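Asks: When you get a sec, could you give me coordinates for this:
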Amino acid sequence: MLERRPSPQTIAWFVDLFHGNQLDLDPPYQRLSVWNLEYRQYFIDTILRNYPSPQVFLDVEITTGGRTSYHVVDGKQRLSAIFEYLEDKFSTSRKHSGDTVSEKYYSELSPEVQNKFLRYIIPVEFLENADEAELQTAFDRLNRNVAKLNAQELRNARYSGAFISLMESLADDPFWKDIGLATTARIRRMLDIEYVSEIFILTMRGIQDGKAYLDKAYSDYDEEIPNIETNRRTYETCKTVISRLWPHLGSDRFSNFADFYSLWAAVAMVNETAQHINIEETAKNLTEFANSVRTTEPSVDANAYLIAVTQGSNKGTNRLLRAEILKKLFVFVIQE
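Replies: Purely as a prediction, here's the structure:
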């Protein structure tokens, strides 16, 4: 039966294990590390300020030859951050360490601060006499006490570069709350950032299928977003047109995520002439169409739209069909 034994240890103790190849950070039940730079910097600042940190759980294995190995059941991200900081792989940040230790690598700390860092106490629980099934159960239970990260929360943990920074900035725009697509619950789970990411990639690359492309986009654009100026202008044009249309829309259909995506896509399709859209007439057409979608005798377009928004609404073909139908409702000011 699994036995537990609490025994607080210093960082120096963990360092000795690490350099002696006695610390296993990757047992079979461990998940991939998902901490980005900011998470690591924040944790290092916690140590430098001598604030408390969560327990690390270690499975103790003693071989017949008398060698002891420690398998990390929980605490991999914290320990990895410590070892990387000690190896000068990143510095502290001004954001979290706005004092004398900000923007410093470990080697740049004074000997006194380095010593305090190595003597920092980490609460540890040793798990002993446990078989593999018990360790797997222990790991699952430890992690079940924390809400499972959704796809966007994982992206936020993995990436800290150009694309995530821009998406966070765009999601903070009051526009998304004003139209009802950013709610407190969605903001709490970063789903507002995910949806804005979908809209921005739609602006950049056209209509996409599903959401599987998001992870690759975050990876591809972490260092640099191609044609950023052009893409930002197109994004702002679409947002401006929809902001002007919104007060005149007499239907709440476009407050739905799938319908709003289609409306944005339709505006993006006419981006070069979008400034010539007759706002009131176009809003009237969109309202009449939205109200006709669920009537007992919808038009051919309204029926096709209804099917495309209720059956596989995120499919690229259905998104394109809906956008093409909405685009036909746009009225443009005649230019002399």
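Asks: what about G20, how many residues close to it?
Replies: 11 (other C-beta atoms under 10 Å). The way it works is simple: take the backbone N, C-alpha and C, and place the C-beta from them, glycine included.
Asks: just checking, next helix/strand downstream of the worst-scoring helix or strand of the chain on mean pLDDT?
Replies: Lowest on mean pLDDT, DSSP states H and E among the helices and strands of the chain sits helix 132-144, with a mean of 68. The helix or strand immediately downstream of helix 132-144 is helix 151-158, counting by DSSP states H and E.
Asks: just checking, next helix/strand downstream of that following helix?
Replies: Taking DSSP H and E, what comes next after helix 151-158 is helix 162-171.
Asks: buried ones in that next one?
Replies: Along helix 162-171, these residues count as buried under the neighbour rule (16 or more other C-beta atoms under 10 Å): F163, I164, L166, M167, L170, A171.
Asks: Keeping just the C-alphas, turn the helix or strand following it into CSV.
Replies: Once the chain leaves helix 162-171, the next helix or strand it forms, by DSSP H and E, is helix 174-178. Extracted C-alpha coordinates of helix 174-178, given in CSV (Å, rounded to 0.1, in the frame of the first residue of the first chain):
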residue,chain,number,x,y,z
PRO,A,174,-14.6,46.8,-25.6
PHE,A,175,-16.1,45.9,-29.0
TRP,A,176,-16.4,42.2,-28.1
LYS,A,177,-18.3,42.9,-24.9
ASP,A,178,-20.5,45.5,-26.6
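Asks: who touches the next helix-or-strand element following helix 174-178?
Replies: From helix 174-178 onward toward the C-terminus, using DSSP H and E, the following helix or strand is helix 184-188. Contact partners of helix 184-188, identified using C-beta atoms under 8 Å, 6 or more residues apart in numbering, comprise A171, D192, Y195.
Asks: buried set for helix 184-188?
Replies: So helix 184-188, judged by 16+ other C-beta under 10 Å, has buried residues R186.
Asks: please begin residue numbering at 9 from this point
Replies: Understood, numbering begins at 9; the last thing we discussed is helix 192-196.
Asks: Tabulate the contacts of helix 192-196 in JSON lines, adding columns for distance to S118 and pLDDT.
Replies: Shown next, in JSON lines, are the contacts of helix 192-196 (distance: C-beta to C-beta, whole Å; pLDDT from 0 to 100):
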{"residue": "A179", "distance to S118": "40", "pLDDT": "93"}
{"residue": "D200", "distance to S118": "43", "pLDDT": "92"}
{"residue": "Y203", "distance to S118": "47", "pLDDT": "96"}
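Asks: Low-confidence regions, the stretch 9-158 of the chain specifically.
Replies: 9, 36-42, 108, 143, 146-157 (pLDDT under 70).
Asks: can you give me the strands for it?
Replies: 11-14, 17-18, 31-32, 64-70, 76-82, 129-130, 132-136 (DSSP state E, counting those that start in this stretch).
Asks: got those as CSV, with mean neighbour count columns?
Replies: CSV is the format used below for the strands of the stretch 9-158 of the chain (neighbours: other C-beta atoms under 10 Å):
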stretch, mean neighbour count
strand 11-14, 10
strand 17-18, 16
strand 31-32, 17
strand 64-70, 19
strand 76-82, 19
strand 129-130, 17
strand 132-136, 17
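Asks: And those: which comes nearest A291?
Replies: In this view, these are compared for proximity to A291 by C-beta to C-beta, and strand 76-82 is the closest at 54.5 Å.
Asks: Tell me the strands beside that closest one, with direction?
Replies: strand 31-32 (parallel), strand 64-70 (antiparallel) (DSSP bridges).
Asks: With distance to F51 added, can I get those in JSON lines?
Replies: Below are the strands paired with strand 76-82 laid out as JSON lines (distance: least, C-beta to C-beta, whole Å):
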{"stretch": "strand 31-32", "distance to F51": "18"}
{"stretch": "strand 64-70", "distance to F51": "12"}
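Asks: Out of the strands of the stretch 9-158 of the chain, which gets nearest to N279?
Replies: Of these, nearest to N279 by C-beta to C-beta is strand 76-82, at 49.6 Å.
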